[in-house]
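Undergrad: starting from these lines, generate the structure:
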Amino acid sequence: MLFILCIVSLLLSPAFLSPVQNDPLFKHIDDHSHEYIQRLKEWVAIESDSSDPSKRDQVEHMMQVTKDYILKIGGKVEMVELGDQEYSPGVKIPLPSVILAEFGNDKTKPTVCFYGHMDVQPAKKDDGWETDPYVLTEKDSKLFGRGTSDDKGQVLALLHAVESVMKFDLPVNVKLFIEGMEEVGSNGLEKIVEEKKDTFFSNVDYIVVTDTPWLSTKPGITYGARGNCYFFIEVEGARRDLHSGGFGGTVYEAMSDLVYLLGVLADVNGKILIPGIYDDVLPVTEQEKELYKDLIFDLKDMQRDSGVSKFLHSTKGDLLMHRWRFPSVSIHGIEGAFSGSGTKTVIPAKVIGKFSIRQVPKMKPSVVEKQVSNYLESKFAERKSPNKMKVTMVIGAQPWLANMSDPQYLAARNAVRRVFNVEADMIRAGGTIPIAKNFEDVLGKSVMLLGIGGPDDAPHGQNEKISMYNYIEGTKLYASFLQELASI
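TA: Predicted coordinates for the structure are as follows:
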């Protein structure tokens, strides 16, 4: 018994404490955690909903509050004005300022630029929130409120990390690129990137996006995302809507043509039927397969959360690869069709089907557009319908894939290991992240997504939250990353 007590005492001694417990930087962060939570409470209370023109002043107020805090902790800030937004014909409202900030300007040190946003999704208590969305509420070690995870909490964790590291020594130059219109399309952002590429961004070595979740409770680093080719199929028949009692069985119905065309996009197992669509998909390597083996992901948990009774794929690896790694097609809706409650016996004169193809490297939107158009035109010709059919691609966002051997990825993995004592999950996003591809294309810089959101944070839904664990330990992650990046 004495031997066991001696071993326990030895393991608990300072020499055997984990790096997190024995690190003065991490102790500093822990000692200020109450202050960090209080600041998040103040920021959540600002209703910076960028979709609501009546709250545009709140978005600008949020940008000013962010600027003031950056100045307080020793940063330099430039507020870039974007002018007005034409919200509706004849109605213009001001766009919120964009923050360009920096800490340090040592030419012998690497420079990393972080991107984040201060606007939020709409939220009202009567939408189904259990708490006031603009009052930070702590429950079961979770912090509920709009923006806690997307993206105020993640940006604040980064700012707190920068402030903490500066108490010791800032080993890299840090720049910040923070906007207030991300939730509605990032108006004017691409223009700023282009205009500032030879000034503000000229000495940037790495770019990190702080607006992503983990796959599980295990920290994740995102290195790729699918693109999005969004299409309209318009089928037009008669000059006006017709009554099925008078015309049913006598005309080629536009809706029937459209339903047929939507139905030939993929088979029952989700395989896309468009010829050539898989030709440019990169083959899966053995090294890549290894990345999926240790990912913490439970299909049953996803079923319970989504309410889906059965997925198209039965193993973790297959499902995640088809979620991230392979293209997919999804049908989103039909415009012009009767969709109200009750019955209506109309034959629509014109209908528009909406679908998207999530494409992957090295698929090009221009090639996908041609493949889709050619295929649908050939299938429509087979029907010998006299109706008019037109295919239009309205979005052509490209996929993004980074090199995981870039120094910042190595630094991030080291930081995860240091803070959490685990290997980071290397993950992709099934959705589209246009800003990452834009940074890469315009600036030619290495881009990484290093977020601290949880997999169940509901960033666009009711009861958005971030766990206190992710918020505080995420602050340590960003602080460690800054230090690790200097040593790569």
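Undergrad: contacts, neighbours, all on C-alpha from now
TA: Noted.
Undergrad: gap between the residue nearest to the spatial centre of the chain and residue 219?
TA: Residue closest to the average C-alpha location in the chain (CA atoms, centre = their mean): residue 212, at 5.3 Å. Distance of residue 212 to residue 219, computed by CA to CA, to the nearest Å: 11 Å.
Undergrad: what residues do those two have in common as contacts?
TA: Residues touching both residue 212 and residue 219 by CA atoms under 8 Å, 6 or more residues apart in numbering: residue 452.
Undergrad: can you pull out the strands in the stretch 101-250 of the chain?
TA: Secondary structure of the stretch 101-250 of the chain by DSSP state E, counting those that start in this stretch: the strands cover 111-117, 137-139, 142-144, 173-179, 206-209, 220-225, 228-236, 242-243.
Undergrad: TSV for the ones you listed, including mean pLDDT?
TA: TSV is the format used below for the strands of the stretch 101-250 of the chain (pLDDT from 0 to 100):
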stretch	mean pLDDT
strand 111-117	98
strand 137-139	97
strand 142-144	98
strand 173-179	98
strand 206-209	97
strand 220-225	96
strand 228-236	97
strand 242-243	94
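Undergrad: in TSV: these, plus mean neighbour count and distance to residue 399.
TA: Output for the strands of the stretch 101-250 of the chain, formatted as TSV (neighbours: other CA atoms under 10 Å; distance: least, CA to CA, whole Å):
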stretch	mean neighbour count	distance to residue 399
strand 111-117	23	19
strand 137-139	14	37
strand 142-144	24	32
strand 173-179	23	22
strand 206-209	22	16
strand 220-225	25	6
strand 228-236	22	7
strand 242-243	15	43
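Undergrad: out of the ones you listed, flag the one nearest residue 157.
TA: When the strands of the stretch 101-250 of the chain are ranked by proximity to residue 157, the top entry is strand 111-117, at 11.2 Å, counting by CA to CA.
Undergrad: that closest one pairs with which strands?
TA: Paired strands of strand 111-117, with direction, are strand 173-179 (parallel), strand 206-209 (parallel) (DSSP bridges).
Undergrad: can I get the last one as PDB, trimmed to CA atoms?
TA: Once non-C-alpha atoms are left out, strand 206-209 reads as follows in PDB (Å, rounded to 0.1, in the frame of the first residue of the first chain):
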ATOM      1  CA  TYR A 206      -0.100  31.700 -43.300                       C
ATOM      2  CA  ILE A 207      -3.900  32.200 -43.100                       C
ATOM      3  CA  VAL A 208      -6.100  30.500 -40.400                       C
ATOM      4  CA  VAL A 209      -9.900  30.500 -40.500                       C
END
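Undergrad: what does it contact?
TA: 111-116, 408, 436, 439, 445-451.
Undergrad: skip the chain neighbours and tell me the closest residue to the residue nearest to the centre of the chain.
TA: With CA to CA, 6 or more residues apart in numbering as the measure, residue 451 is the residue that lies nearest to residue 212, at 4.4 Å, once sequence neighbours are left out.
Undergrad: residues contacting that neighbour?
TA: Residues near residue 451 by CA under 8 Å, 6+ apart: 154, 209-214, 220-221.
Undergrad: quick check: which ranges of the stretch 1-150 of the chain have low pLDDT?
TA: Low-confidence segments of the stretch 1-150 of the chain (pLDDT under 70): 1-21.
Undergrad: which parts of it are helices?
TA: If you assign secondary structure with DSSP state H, counting those that start in this stretch, the helices in the stretch 1-150 of the chain sit at 2-11, 19-22, 24-31, 33-44, 56-72.
Undergrad: want to try TSV for the ones you listed, with mean neighbour count and distance to residue 260 as columns?
TA: Converted to TSV, the helices of the stretch 1-150 of the chain look like this (neighbours: other CA under 10 Å; distance: least, CA to CA, whole Å):
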stretch	mean neighbour count	distance to residue 260
helix 2-11	10	68
helix 19-22	15	59
helix 24-31	17	59
helix 33-44	18	48
helix 56-72	19	44
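Undergrad: closest one to residue 126 among the strands of the stretch 101-250 of the chain?
TA: Nearest to residue 126 among the strands of the stretch 101-250 of the chain is strand 142-144; the distance by CA to CA comes to 15.5 Å.
Undergrad: which strands and helices lie in contact with that closest one?
TA: Helices and strands touching strand 142-144, as assessed by 3 or more CA pairs under 8 Å, 6 or more residues apart in numbering; DSSP states H and E, comprise strand 137-139, strand 465-467.
Undergrad: one more pass at 10 Å, please.
TA: Where contact means 3 or more CA pairs under 10 Å, 6 or more residues apart in numbering; DSSP states H and E, strand 142-144 is packed against helix 33-44, strand 137-139, strand 465-467, helix 468-487.
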